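Novice: predicted model, plus sequence, below.
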Amino acid sequence: MTELSVSILSADLADLGAECRRAMACGATMVHYDVMDGHFVPNITYGAPVLKCLKKAVPEMVYDVHLMISEPARYAPDFASAGADFITFHYEAVPGAVEQTIVSIRETGCRVGMSINPSTSPQAIFPYLDKLDLVLVMGVNPGFGGQTFIPSTVRRVAEVKAECDRRGLSPYIQVDGGVNAVTGPRCAAAGANLLVMGSAFFGAQDPAALAKTIREL
Ligand code: DX5
Ligand code: ZN
């Protein structure tokens, strides 16, 4: 079984509560909450206050917060108090402070994820694998929804999965960006067990059927 985390970046942001309930009714187990700061990535989204309202409106959902920001450790406590369950930061955002960032996020009580951009070698995160609850392999360059999946992502997922198996580790292996009914099955076959879908889900004629296809992978 593969879990689905729905990225609300492509949802109707004026009606977020309803959009999350709709995702949940379709079988999504998590809401993927993309935080962009206009600095680490060239776009700005939403911060902790919006998450706090969303958590209050739909408390039963698991909130998977993806921080595409500089200084993630500085802001992690705000997202934790707002209701985050998982907080994922970018390896590229914290040169020389990876370990420290993991510890800081762990201290908030949230589960810890680390993400790598398409140009970062999967081997870069191997030294930290045993400290992570989630490894996010980006399928696109972060910053925007609706981009085309980068094919080499599949091989990168397989490399992370092989290393996890070799060491007996079982973090979530998540893929985010460009996941749809065609690319999702390829990621799952390579070892991903948590797929993020934004534009494919919210743009689908039949999102429930699409979600079912993903969950049965
Ligand atoms: C990209 C974001 C993704 C994005 C996924 O920077 O991190 O979560 O919303 O959107 P789709 O599924 O449309 O590629
Ligand atoms: Zn994301």
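Specialist: Noted; the coordinates are in hand. Ligands and ions are numbered 1, 2, ... in the order given.

Novice: helix or strand right after the helix or strand harbouring residue 104?
Specialist: Following DSSP states H and E, one finds residue 104 within helix 98-107. Counting by DSSP H and E, the next helix or strand C-terminal to helix 98-107 is strand 111-116.

Novice: does that next one reach ligand 1?
Specialist: No: judged by C-beta under 6 Å from any ligand atom, strand 111-116 and ligand 1 are separated, with a smallest distance of 8.4 Å. Heads up, the C-betas are built off the backbone N, CA and C, glycines and all.

Novice: with stretch 128-142 instead?
Specialist: Yes: Stretch 128-142 reaches ligand 1 (C-beta under 6 Å from any ligand atom) through 140, 142.

Novice: from here on, count from 45
Specialist: In the new count, where the first residue is 45, that last one comes out as stretch 172-186.

Novice: chain center to that stretch: distance?
Specialist: 8 Å (C-alpha atoms, centre = their mean, to the nearest Å).

Novice: restrict it to CA atoms and write it as CSV.
Specialist: What follows is stretch 172-186, C-alpha atoms only, in CSV (Å, rounded to 0.1, in the frame of the first residue of the first chain):
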residue,chain,number,x,y,z
TYR,A,172,21.6,11.0,8.4
LEU,A,173,19.3,8.3,7.3
ASP,A,174,19.0,6.6,10.7
LYS,A,175,17.8,10.0,12.2
LEU,A,176,15.0,10.6,9.8
ASP,A,177,11.3,9.6,9.8
LEU,A,178,10.9,10.7,6.2
VAL,A,179,13.1,11.2,3.1
LEU,A,180,11.7,13.4,0.4
VAL,A,181,13.1,12.9,-3.1
MET,A,182,11.9,15.9,-5.1
GLY,A,183,10.5,15.0,-8.5
VAL,A,184,10.9,18.6,-9.7
ASN,A,185,12.8,21.7,-8.7
PRO,A,186,10.9,23.1,-5.7
